[in-house]
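*Asks:* Next come a sequence and a model predicted from it.
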Amino acid sequence: MKFEQDLGIADLMSALMMVFLLIAIAFMLDVEAQKNEIEAQKNAIQRQKDAMTEIVLVAKQSRINLHNELMQEFGRNLKQWDMEILIDNTVRFNAPHVLFNKGKSVLTQKFKRILSNFFPRYLTILQAYSAELEAIRIEGHTSSDWGNGASYLGNVELSQRRALATLKYCYSLQKVKNKRLWLQQVLKANGLSFAKRIFNQDGSENFEKSRRVEFKVITKAEEKLYQILERSRQDNF
């Protein structure tokens, strides 16, 4: 009787040990799965970082090359046209009295002559980078000076009309006629009102410099970076 009782206890202990063993194995498998998942996430993050680094390096070199070409082509015109070529390759036309009459969106004859010279040469350079270009954006900018309570809305409308008038004139040039199909895909016009004003060192607005027209290059690398950042944000939610 005692032997049978001891045998029953031994069987029970063996069964419990098997249960504990199975629990331990399941726990180990779960831990291993979590480790693999964490490792996979780390690898995905690293691949994303590597991709972003590669995009940044390629975009940086391309930006430097384009900047050098623009400076070489237009360096002698900068002072004559009151034009700047910024580090991001934005071409900025200052001297608002040369571009448009105050409060108007009709291009002056002098600005037309500048654009007739500038735009075909500009496109010749950019076409070498066409595979990398997302858009060529013509931006109209104003100061915050308007003279009444409708300052923002008035300047939105004025800056958009000026950007569009510049685009229309550039597109109509006979020297770019053979490039119009490409321009239809990449050339854009944006009026930004006084959203991106220029300020003096003392913090006051520089009304003259704020009134300007800019030609801005948007690359596909920038678009790719934006998409990667958007995916990262979505993955974090």
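*Replies:* Yep, that arrived.
*Asks:* which stretches of this structure form strands?
*Replies:* Counting by DSSP state E, the chain has these strands, from start to end: 83-85, 91-93, 133-141, 187-191, 212-219.
*Asks:* Reformat the ones you listed as TSV; add mean pLDDT, mean neighbour count and distance to residue 124.
*Replies:* C-beta coordinates here come from the backbone N, C-alpha and C atoms, glycine included. Formatted as TSV, the strands of the chain follow (pLDDT from 0 to 100; neighbours: other CB atoms under 10 Å; distance: least, CB to CB, whole Å):
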stretch	mean pLDDT	mean neighbour count	distance to residue 124
strand 83-85	96	17	16
strand 91-93	96	19	14
strand 133-141	93	21	13
strand 187-191	95	19	15
strand 212-219	93	21	14
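*Asks:* Next, the buried residues of stretch 63-79.
*Replies:* Buried residues in stretch 63-79, counting neighbours by 16 or more other CB atoms under 10 Å, are found at 63, 66, 69, 70, 74.
*Asks:* Out of those, which one has the weakest pLDDT?
*Replies:* Confidence by pLDDT is poorest for residue 63 among those, given 87.
*Asks:* surely that one meets residue 88?
*Replies:* Yes. Between residue 63 and residue 88 there is a contact at 7.0 Å, judged by CB atoms under 8 Å.
*Asks:* How about the contacts made by residue 175?
*Replies:* Residues in contact with residue 175 (CB atoms under 8 Å, 6 or more residues apart in numbering) are 116, 119, 120.
*Asks:* of all these, which comes closest to residue 31?
*Replies:* Residue 31 has its nearest neighbour among those in residue 119, at 64.3 Å by CB to CB.
*Asks:* Give me the distance between the residue nearest to that closest one when sequence neighbours are not counted and residue 117.
*Replies:* Distances taken as CB to CB, 6 or more residues apart in numbering put residue 170 closest to residue 119, at 4.6 Å, once the chain neighbours are dropped. For residue 170, the distance to residue 117 equals 12 Å [CB to CB, to the nearest Å].
*Asks:* Repeat that for residue 141.
*Replies:* Distance from residue 141 to residue 117, by CB to CB: 22 Å.
*Asks:* Quick check: bridge partners of the closest residue to residue 215 other than its chain neighbours?
*Replies:* Leaving aside its chain neighbours, residue 215 sits nearest to residue 91 (4.2 Å; criterion: CB to CB, 6+ apart). Beta bridges link residue 91 to residue 85, residue 215, judged by DSSP bridges.
*Asks:* if we can go back for a sec, would you point out the most distant pair within the buried residues of stretch 63-79?
*Replies:* Using CB to CB, the two most remote members of those are 63 and 74, lying 16.2 Å apart.
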